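# Sequence unavailable; structure follows:
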Ligand code: SF4
């Protein structure tokens, strides 16, 4: 894996990447190894690797998610959530795609990465698409094989974090031996159990009622199906499962009721903790959805609304207000509420912020 000179692209992604590696001291001993891992292709800007850095192009000075890895099994997403920037770009249900030569490239990347001798890292599957989209996964089994490959190389990882709206697929019967012979058997669970101490399953459930969720997450499995799988993964298999009650919609929009938020919490009490944040409203989403939400994202700074390059986001003060109800309901139930970004950020020494939150047991949304 030698490094060659980079062409300057319109956004000079490589330049941005090198700048943040250089500015983050904990990376210093690994700088050249990381550059060589990602620097073997001058044309594709990180798309040459399936085992990539999490948020490779984020500015670590503003959003320091440190040294963590990511695998996006598919491209785009079939679930078609109205509030999702991915859905805004790919155009809705049925637009998910498999990646060409995905498993071959991932196997190569794992071997290359192992040869670097880097310290173990958290790996996220998948932070910008659902890895268990039924249509794509049952046809390709790319996530099934990804889990097998990760289980075999688990010494490379501190934890394996799987985020999905379709957890029941993990409990389904499917197996495939090394000769490619398919049979019935709980193959997903086999891989997950083989690295059980490292696995964290994050399940997104933002609605409880079927009519409501169908309107906002039209391609995703029903919340009741997700809750049933969440409970089985905890009760029958003892996995650490986190509930993503995310996003929280402005209460006055009527899109998500307080009653359904409470019902989701009541049915998920054994989760490790709750992850959430107020809706960040992307500009590029379905027009009808945008029109419906825009009244709650107007008024600029006076109303605690900030524009962050592609979407409207609440200021810290407004966020605390919007999250007060969920925070109080979590407290009543003895559940810990964590801001979505705190699950990935690190401090200046590279220590995960989440570690401190879990030790202290104090919600991120205290006023
Ligand atoms: S499941 Fe996730 S990636 Fe897929 S459309 Fe919904 S929010 Fe976006």
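Received the coordinates, thanks. The structure presented is a predicted model; accordingly, all values stated were derived computationally and were not measured.

# For this structure, which residues score under the pLDDT cut-off?
Residues of the chain that meet the criterion pLDDT under 70 lie in 1-13, 40-47.

# got the residues of it near the ligand?
77, 79, 80, 81, 84, 86, 87, 129, 130, 165, 220 (Cβ under 6 Å from any ligand atom). Glycine gets a C-beta too; all of them are placed from N, C-alpha and C.

# Relative to residue 242, which of these is nearest.
Set against residue 242, the nearest of these by Cβ to Cβ is residue 165 (13.4 Å).

# my read: the closest one touches residue 201, true?
No. Checked against Cβ atoms under 8 Å, the pair residue 165 and residue 201 is beyond contact range at 11.8 Å.

# that older thread, can you list the residues of the chain next to the ligand in a markdown table and add secondary structure?
Output for these, formatted as a markdown table (DSSP: H, G, I helix; E, B strand; the rest coil):
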| residue | secondary structure |
| --- | --- |
| 77 | coil |
| 79 | coil |
| 80 | coil |
| 81 | coil |
| 84 | coil |
| 86 | helix |
| 87 | helix |
| 129 | coil |
| 130 | coil |
| 165 | coil |
| 220 | coil |
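
# now the residues you listed as TSV including neighbour count and distance to residue 208?
As requested, the residues of the chain next to the ligand are exported to TSV (neighbours: other Cβ atoms under 10 Å; distance: Cβ to Cβ, whole Å):
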residue	neighbour count	distance to residue 208
77	27	22
79	25	17
80	22	19
81	25	16
84	20	19
86	19	24
87	26	21
129	22	24
130	28	20
165	23	14
220	27	13
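
# For residue 270, state which of the residues you listed is nearest.
Distance to residue 270, by Cβ to Cβ, is smallest for residue 165 among these, at 19.3 Å.

# Once you drop chain neighbours, what's closest to that closest one?
Sequence neighbours aside, residue 220 is the residue nearest to residue 165 in space, at 4.4 Å (criterion: Cβ to Cβ, 6 or more residues apart in numbering).

# residues contacting that neighbour?
The contact partners of residue 220, by Cβ atoms under 8 Å, 6 or more residues apart in numbering, come to 79, 80, 81, 130, 165, 166, 213.

# phi, psi of it?
Dihedral angles of residue 220 (phi, psi; degrees, to the nearest 10) stand at phi -90, psi 160.

# And residue 339, by the same measure?
Reported as degrees, to the nearest 10, the phi and psi values for residue 339 are phi -70, psi 140.

# Name the residues that touch the strand ranked longest in the chain?
Assignment by DSSP state E gives strand 157-164 as the longest strand of the chain. Strand 157-164 has contacts (Cβ under 8 Å, 6+ apart) with 69, 120-127, 130-132, 147, 150, 154, 170, 195, 198-204, 244.

# Could you give me the buried positions within the helix of greatest length in the chain?
Secondary structure of the chain read by DSSP state H shows that its longest helix is helix 316-332. Neighbour-count burial for helix 316-332, with 16 or more other Cβ atoms under 10 Å as criterion, is recorded at 318, 319, 320, 322, 323, 326, 327, 329, 330.

# For the ligand, give me its nearest residue in the stretch 101-250 of the chain.
Per Cβ to the nearest ligand atom, residue 130 is where the stretch 101-250 of the chain lies closest to the ligand, at 4.1 Å.

# just checking, what packs against the helix or strand residue 242 falls within?
In this structure, residue 242 sits in strand 240-244 according to DSSP states H and E. Secondary-structure packing of strand 240-244 (3 or more Cβ pairs under 8 Å, 6 or more residues apart in numbering; DSSP states H and E): strand 199-204, helix 223-235, strand 274-276.

# residues in contact with the residue most central in space within the chain?
With the centre of the chain defined as its mean C-alpha position, the nearest residue by Cα atoms, centre = their mean is residue 127, 3.2 Å away. By Cβ under 8 Å, 6+ apart, the contact list for residue 127 reads 54, 55, 70, 72, 163.

# could you redo the last one with a cut-off of 6 Å?
residue 70 (Cβ atoms under 6 Å, 6 or more residues apart in numbering).

# residues in contact with the strand holding residue 242?
Contacts to strand 240-244, defined as Cβ under 6 Å, 6+ apart, come from residues 200-202, 204, 230, 233-234, 268, 271-275.

# and what of stretch 322-336?
Applying Cβ under 6 Å, 6+ apart, the contact partners of stretch 322-336 are 262, 265, 273, 274, 276, 278, 337, 361, 363, 365.

# and which of those residues is nearest the ligand?
residue 276 (13.8 Å).

# Bridge partners for that closest one, pull those for me.
For residue 276, the beta-bridge partners under DSSP bridges are residue 339.

# ok, it - how many residues close by?
For residue 276, the count of nearby residues is 23 (other Cβ atoms under 10 Å).

# Tell me the strands beside whichever strand or helix holds residue 124, with direction?
Assigned by DSSP H and E, residue 124 belongs to strand 121-125. Note on strand 121-125: by DSSP bridges, its sheet partners are strand 68-71 (parallel), strand 157-164 (parallel).

# which residues of the stretch 1-150 of the chain fall in strands?
All strands of the stretch 1-150 of the chain, identified by DSSP state E, counting those that start in this stretch, fall at 52-53, 68-71, 74-75, 97-98, 121-125.

# CSV for those strands, including mean neighbour count?
Below are the strands of the stretch 1-150 of the chain laid out as CSV (neighbours: other Cβ atoms under 10 Å):
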stretch, mean neighbour count
strand 52-53, 20
strand 68-71, 23
strand 74-75, 20
strand 97-98, 15
strand 121-125, 22
